[in-house]
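> The following block contains a protein sequence and its predicted model.
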Amino acid sequence: MPAARIFSQVVFTDPPHSYPPVSPVTCSYTHTPAFQPSPRDWVGMFKVGWSTTKDYHTFVWVESCLDVVGSATRQAVFKEYYLPKDELDFYQFCYVDGAGQVCGASTSFCFKNPAQRSPESIVEDELMVVTTQERRQRDGEEEQRKRSSGLDAASRQKEVRSI
């Protein structure tokens, strides 16, 4: 069977771009009606760039679904204890059958702690705004000018009232 046909037997359903590293990760997938899962199949989490199915970071056995006919949505849950701790690498899920063949692969994702955001960069959806120190200094100077001109106007008003 051609590699493209094997890889398309299991489809992972829209994994997010990132997961928090401190909670379990659930991935959803479906398989084609012709695909026959076996109790020896597993879903692995692989660092992008892997070359063999032995390169997994962690894996879970698939739940037996012998009573389900067709392409029902299935889930694999990875406990947080086994998740990667490095936030710089990208990973993907792969469904591996009992014979060691990859039957489906997800898009890539990373692990990112949502609480760790630096004040220099703000991520909004898929747009990243980077504020340089020079820009922050300019903005601070402008704010200082506004404050001082506001103080000057207030002191002039006091002088006018006292006259």
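Happy to help now that I have it. Because the structure is predicted, anything quoted here is derived from the model rather than measured. Residues are numbered from 1 along each chain as shown.

> and Pro24, how many neighbours does it have?
13 (other Cβ atoms under 10 Å). (C-beta placed from N, C-alpha, C; glycine too.)

> surely it meets Ala76?
No: using Cβ atoms under 8 Å, Pro24 makes no contact with Ala76, being 10.5 Å away.

> would you list every one of the strands in the protein?
Along the chain, counting by DSSP state E, strands occupy 10-12, 18-19, 25-31, 42-47, 56-61, 74-78, 90-96, 102-105, 109-111, 121-124, 127-130.

> who touches the second one?
Contacts made with strand 18-19 from outside it, assessed by Cβ atoms under 8 Å, 6 or more residues apart in numbering, are listed as Val25, Leu83, Phe109, Cys110, Phe111, Lys112.

> That one pairs with which strands, and in what direction?
Using DSSP bridges, the strands paired with strand 18-19 are strand 109-111 (parallel).

> Distance from the chain centre to the partner strand, please.
4 Å (Cα atoms, centre = their mean, to the nearest Å).

> likewise stretch 39-51?
Distance, centroid of stretch 39-51 to centroid of chain: 17 Å (Cα atoms, centre = their mean).

> and for that stretch, what are the contacting residues?
Outside stretch 39-51, the residues that reach it (Cβ under 8 Å, 6+ apart) are 25, 27, 29, 53, 55-62, 64, 76, 78, 83-84, 89-98, 103, 108.

> ok, Val10 - how many residues close by?
Around Val10 there are 27 other residues, counting by other Cβ under 10 Å.

> Once you drop chain neighbours, what's closest to it?
Leaving aside its sequence neighbours, Val10 sits nearest to Gly104 (Cβ to Cβ, 6 or more residues apart in numbering; 2.9 Å).
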